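Novice: 3D, please:
(2 chains)
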Amino acid sequence: MGTMSRKSLVTLFVLAALAILPPIFLWAGNAFYLDLATRLVILAIAAVSLNLILGYGGMASFGHAAFIGIGAYAVGIPAYHNTYGEFDLVASYNGMFQIFLAVGITAVFALITGVICLRTKGVYFIMITMAFAQMVFFMFVSLEVYGGDDGLVIDTRSEFPLINLDNPLHLYFLSFGSLVAAMLIVRTITRSQFGMVLQGSMGNDERLVSLGYNTFAYKLTAYVISGAMCGYAGALLGNFTTFISPEMMGWTRSGELMFMVILGGAGSTIGPVIGSALFVLVEELFSSYTIYWHLPFGIMLLAVVLFLRRGLLGVISGSGKNEGH
Amino acid sequence: MDFTLLFIQTINGLQLGLLLFLVASGLTLVFGILDFVNLAHGSLYMVGAFICASLTFIIGNFLWAIVISLPIIAFIGYLIERTIVQSLYTRNHLDHVLGTFGLILVLDTLAHLIWGPAGIAVPLPQWLDGRVELFEGVVVPTFRLLIIGTGLAVAAGLFWLVNYTRLGMLIRAGASNRTMVSALGIDIQLLFGLVFALGATLAGLAGMLISPITEASIGMGGEIIITAFVVIIIGGIGSIKGAFIAAIIVGLIDTLGRSFLDTLFKLVMSIEAAESSAPAVSAMLVYILMALILAFKPQGLFPPKVR
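Specialist: Predicted structure coming up:
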């Protein structure tokens, strides 16, 4: 039996669990677990988006939390102005409009920063993506209108036809559906000719350039798609927490996103989902026992990096043997 | 423009720059020689500050506390290198970032367990706590001058160590070809351990020096590490000269930007617009600088020589 089919089984199993379990928790009177699952699924979308460039393009972005933040503020700021007036151009509760803003602005932001970031490689790339995220972070910290450091409360969630995001189950299934869509998009991209070039450039950029491919354009396109997808996740996260602050785009958040991808297994569709699931569950478990939960969490992170080189999926699907080193 | 203020802020900028240099020089040494990205470097800065703060209260003298803390932090650095860091040398930079990210969580939580959640204010001896009148109307705190002096002395010391001593020669040789150095009979593991310990000591010293101004606190490592990375990226990874120049530039730009950017903005835009945009832009200034420099020189001002 090949690892492919085992991976597909794992994928089906995880998605089935995410589809069935949370509503059961709600009906059993455990609304808390539905909340946990919603957070998990939204973070999974962000992790899947990061995986597109990290796992398939070798671009280790240390600034993806900025896209989440921009996406969340693209919901918060229109809602704020619709409630308190001024800036009529964007004032709206309309979910379609807010998501359009979230995806559009993050795509443009990714395009502009991507052109500069992709000139660099390796650790310089890690650090320049982080620098751009810090710029966005400090911009929102200084924007007193929208609460600055203290953040902004979203009084009214995005309004959509047919679905009502104030209903936790509606919000969950919107997020879950979006996750499945995001996974399908990434799967389609990586299996296309575009995805082949992207993965090829990760292995040997010079070879693809000499074959006549403009790998810069390929990478930039992937970076923009990834950023926009992450912005979409941010719009969902804003609707979920109904409170947004610059803290959600701090550099440690970007580090956590990276960790989710690596933990689950970079370069596979389901890996980041498993990673974010484990991350959210372990964080919840440890923090309910002790305020010092960062200690076991940090040790776990170290252990994963030191011993689990192919990620959790590598272990489950039997391809977890360490490459020779 | 108020020139007295300008002068005082320049002194403050220099002080911040030299403090950044202490942190960044260790970071760039470890990066340039061990090829290791140490995100947890800021936590060593924090641990140094806490150890020194505790010793200051035990001994009752800040300067002696520093003298005793330095070998302690060096030893902690050496231990971390032996136990964790050395098994990551063969990995890629992403693994370094993630592994040391875990190390940050561990060290910060340990500090929280040992010293508690609140910061510790460190008292200065009387003779350092005063102010000096440099010339007519310009008064600066004595302690800030001490930080500047220490930073300059460390810079000179490092320059001498790396360029004119046998140890420095080995360090440079290890950076360009570690296999050859160990083939020549040098204990490369010990050498790497020493370099890491030296980096830890420099970070710790910076933490000790800043603690009387800001107090020793859990979050202090996370605040400085990102700026220190900005410094070594601007300066060119591995270059001590680059780190020195970049640290001074970043220190000055950050300090002067925060105090004078609104005045500058008022020349070209309305007072209201200037007052609302200046704080945002000044907080972003060093990152804008870094993005600009990388856009034109993707390997920083003093790029490392190809290995």
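
Novice: does any part of stretch A:81-92 sit near chain B?
Specialist: No. Stretch A:81-92 lies out of reach of chain B by Cβ under 8 Å from any Cβ of the partner chain, never closer than 14.1 Å. C-beta: built from backbone N, CA, C; applies to glycine.

Novice: pLDDT below threshold where in the stretch 1-150 of chain B?
Specialist: Within the stretch 1-150 of chain B, the stretches with pLDDT under 70 are B:1.

Novice: Return the set of buried residues in stretch B:54-61.
Specialist: B:54-56 (16 or more other Cβ atoms under 10 Å in any protein chain shown).

Novice: Show me the strands in the chain, by range?
Specialist: All of this is about chain A. A:152-153, A:243-244 (DSSP state E).

Novice: I was thinking of chain B, sorry if that wasn't clear
Specialist: B:131-135, B:138-141.

Novice: now those as TSV including mean neighbour count?
Specialist: TSV is the format used below for those (neighbours: other Cβ atoms under 10 Å in any protein chain shown):
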stretch	mean neighbour count
strand B:131-135	11
strand B:138-141	16
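
Novice: of the ones you listed, which approaches chain A most closely?
Specialist: strand B:138-141 (27.1 Å; Cβ to the nearest Cβ).

Novice: Tell me which strands the closest one pairs with, and in which orientation.
Specialist: Strand pairing for strand B:138-141, using DSSP bridges, gives strand B:131-135 (antiparallel).

Novice: which bits of the stretch 51-200 of chain B sit near chain A?
Specialist: B:84, B:87-88, B:90-91, B:93-95, B:97-99, B:101-106, B:108-110, B:112-113.

Novice: Would you mind listing which of the residues you listed are buried?
Specialist: B:84, B:88, B:91, B:93-95, B:97-99, B:101-106, B:108-110.

Novice: how about the helices in the chain?
Specialist: I went with chain A, as the question did not name one. In chain A, the helices defined using DSSP state H lie at A:3-27, A:31-57, A:64-84, A:95-117, A:122-142, A:168-191, A:193-203, A:205-210, A:215-241, A:251-264, A:271-289, A:294-307, A:311-316.

Novice: Chain B was what I was after
Specialist: In chain B, the segments counted as helices under DSSP H are B:3-34, B:41-59, B:62-83, B:93-115, B:142-164, B:166-176, B:178-183, B:188-214, B:220-235, B:240-268, B:271-296.

Novice: Counting by contacts, list what the first one packs against.
Specialist: Counting contacts by 3 or more Cβ pairs under 8 Å, 6 or more residues apart in numbering or on different chains; DSSP states H and E, helix B:3-34 packs against helix B:41-59, strand B:138-141, helix B:142-164, helix B:166-176, helix B:188-214, helix B:220-235, helix B:240-268.

Novice: Quick one: the ones you listed as CSV, columns for distance to A:Asn167 too.
Specialist: As requested, the helices and strands packed on helix B:3-34 are exported to CSV (distance: least, Cβ to Cβ, whole Å):
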stretch, distance to A:Asn167
helix B:41-59, 44
strand B:138-141, 59
helix B:142-164, 58
helix B:166-176, 60
helix B:188-214, 47
helix B:220-235, 38
helix B:240-268, 46
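
Novice: Any idea which of the ones you listed gets closest to A:Gly122?
Specialist: Closest to A:Gly122 of these is helix B:220-235 (Cβ to Cβ; 11.3 Å).

Novice: tell me the angle of the closest one relative to helix B:240-268?
Specialist: 100 degrees (axes from the mean of the first three to the mean of the last three Cα atoms, to 10 degrees).

Novice: now helix B:220-235 and helix B:41-59, what's the angle there?
Specialist: Going by the same axes, to 10 degrees, helix B:220-235 makes 130 degrees with helix B:41-59.

Novice: Helix B:220-235 vs chain A: in contact?
Specialist: Yes. Against chain A, helix B:220-235 shows contacts by Cβ under 8 Å from any Cβ at B:222, B:226, B:229-230, B:233.

Novice: In terms of pLDDT, where does the closest residue to B:Gly168 other than its chain neighbours sit?
Specialist: Spatial nearest neighbour of B:Gly168, chain neighbours left out: B:Val162 (4.1 Å); criterion: Cβ to Cβ, 6 or more residues apart in numbering or on different chains. According to the prediction, B:Val162 has pLDDT 85.
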